[in-house]
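Asks: Any chance you could fold what I've pasted below:
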Amino acid sequence: MRWQFLSIVTSLIMAGSLTMNATAAPAEKKEAVITNALAQFEPGKTSAEIKVSGAAKWSYFVYVPKSYTPDRKWPVMFIMSPGGGNPEMLKRYIDGAEMNNWILVGSVQARNEFNQFDEAIKAMVADVCKKMPVDLKRMYASGFSGGARMSFWLSEEMKSKSFAGVLACGAGGQPDKMSPKTVVFGLCGSNCFNRWDMACTLKQVKNDMSRLRFFPGNHVWADAVYITYATTWLNACYLKGAPTSNSALVAEKKQMIAKIQTEIEKETEANPEKAYDWAVCLGMFASSPTAAGNQPMQSLLKNPKIQLYAAGLKDMDVFVRKFFATDAMDSVNNNGTPAAKREAGRLAKKYAETGLAATFEKMGEPSVK
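Replies: Purely as a prediction, here's the structure:
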């Protein structure tokens with residue numbers, strides 16, 4: 001849906017916001033720290049719990065993709081859970097990490113109703129940036145519910161460094177405090193009690209590459225297939241502007257385009273709606289989703305059912321703006337109104353031949369706490 005969604009550092013100053021220390025450590029010392037840390041990681045597997053150096057009360061888990069080598073810088077996604085982190089939390093992100101060649105890092109201590117969540121996250125970010133070859137221009141945050149709020153918080157803290165993106169599931173944030181360069185991809189259950197909160201948040205996000213997508217469900221963490229797509233979208237947003245002078249980024253962009261094209265080819269027969277979604281993502285690299293350079297999109301749109309699906313996505317955007325992107329407190333005051341139920345029912349019938357019908361039907365019902 002079309003919605004308006006550091007070198008290795010030596011320290012992060014913990015004084016209410018994250019700032020970068022301008023004093024760099026000697027190159028040989030940095031290399032030694034990174035080399036020692038790499039012994040803890042096995043490509044394609046989640047690490048054991050890693051203690052923050054000098055602050056052992058904080059810890060995290062790391063997943064590095066199978067393609068990982070220490071001789072380049074890597075994008076990293078920091079993940080928070082409302083109940084605290086464990087290796088299971090990272091599993092739903094692994095397919096996206098492999099497709100996009102990202103490092104995943106999950107905080108153990110950051111959780112709801114923990115007044116030191118900010119210290120836990122700051123310590124994690126600082127430690128990872130010291131120990132691993134992180135691309136400081138490509139740091140992302142993600143989480144579910146309270147973890148999503150922590151993700152927005154981290155993006156706000158990193159505003160001066162133009163934090164690259166947020167993948168939020170089941171809760172919103174304060175977009176007025178974020179950098180306009182930060183891209184947000186929101187995922188929300190059709191009957192999540194935070195659907196108003198997420199809709200209002202995404203409506204206010206300044207970056208027009210941001211998106212909000214709904215799926216059938218209540219207040220739950222999105223499945224891996226949604227997270228993989230959202231991760232790829234965030235990556236495409238960055239790579240689309242890759243300067244031609246940066247040969248490594250240009251090569252990565254070509255590889256990303258090829259991977260998306262493979263997904264389209266794989267899904268065209270079995271699940272053409274999913275193929276269309278991937279074609280929209282491919283359109284990030286063209287002047288428009290239906291531009292001459294996006295042949296898969298043109299081909300898919302010859303199918304009347306895909307034309308219907310594309311129209312349904314636009315109508316879902318309109319529905320969400322009308323009934324959810326009003327006020328976050330409408331979760332109490334306007335929960336499952338007769339008007340919303342009628343409109344959702346009408347749209348469910350209109351798009352009965354698409355996979356959107358179930359989502360429309362549920363969106364007309366009250367949210368579930």
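Asks: Partner strands of the longest strand along the chain and their direction?
Replies: In the chain, assigned by DSSP state E, the strand with the most residues is strand 134-144. Here strand 134-144 is paired, per DSSP bridges, with strand 74-80 (parallel), strand 165-169 (parallel).
Asks: quick one: buried residues of it?
Replies: 134-136, 138-144 (16 or more other Cβ atoms under 10 Å). In short, each C-beta sits where N, CA and C put it, glycine included.
Asks: do the same with stretch 196-216
Replies: In stretch 196-216, counting by 16+ other Cβ under 10 Å, buried: 196-205, 207, 209-216.
Asks: Looking at the strands paired with strand 134-144, spot the one closest to A358.
Replies: Closest approach to A358 among the strands paired with strand 134-144 (Cβ to Cβ): strand 165-169, 18.8 Å.
Asks: ok, residues contacting that closest one?
Replies: Outside of strand 165-169, the residues within contact range by Cβ atoms under 8 Å, 6 or more residues apart in numbering are 77, 140-145, 147-148, 151-152, 155, 173, 178, 182-188, 198, 201, 221-222, 227, 230-231, 234, 237-238.
Asks: mean confidence score for the longest strand of the chain?
Replies: Per-region confidence: strand 134-144 scores 96 on mean pLDDT.
Asks: Just give me how far the next helix-or-strand element following that strand sits from the chain centre.
Replies: Moving toward the C-terminus from strand 134-144, the next helix or strand (DSSP states H and E) is helix 146-157. Helix 146-157 sits 12 Å away from the centroid of its parent chain (Cα atoms, centre = their mean, to the nearest Å).
Asks: got it, and stretch 206-214?
Replies: Offset of stretch 206-214 from its chain centre (Cα atoms, centre = their mean): 10 Å.
Asks: Just the strands from the stretch 1-150 of the chain, written as ranges.
Replies: 50-52, 55-63, 74-80, 103-107, 134-144 (DSSP state E, counting those that start in this stretch).
Asks: Dump the ones you listed into JSON lines; add distance to A242 as well.
Replies: Compiled in JSON lines, the strands of the stretch 1-150 of the chain are given as follows (distance: least, Cβ to Cβ, whole Å):
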{"stretch": "strand 50-52", "distance to A242": "31"}
{"stretch": "strand 55-63", "distance to A242": "25"}
{"stretch": "strand 74-80", "distance to A242": "13"}
{"stretch": "strand 103-107", "distance to A242": "19"}
{"stretch": "strand 134-144", "distance to A242": "11"}
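Asks: what about the ones you listed, which gets the closest to K314?
Replies: strand 134-144 (26.5 Å).
Asks: Can you say which of the strands of the stretch 1-150 of the chain is nearest to M256?
Replies: Smallest distance to M256 across the strands of the stretch 1-150 of the chain (Cβ to Cβ): 11.6 Å, for strand 74-80.
Asks: and R213, that's in a strand?
Replies: Yes. Assessed with DSSP: H, G, I helix; E, B strand; the rest coil, R213 lies in a strand.
Asks: need the contact list for it.
Replies: With the criterion set at Cβ under 8 Å, 6+ apart, R213 makes contact with 1, 185-188, 226, 230.
Asks: I'm done for today, thanks for sticking with me.
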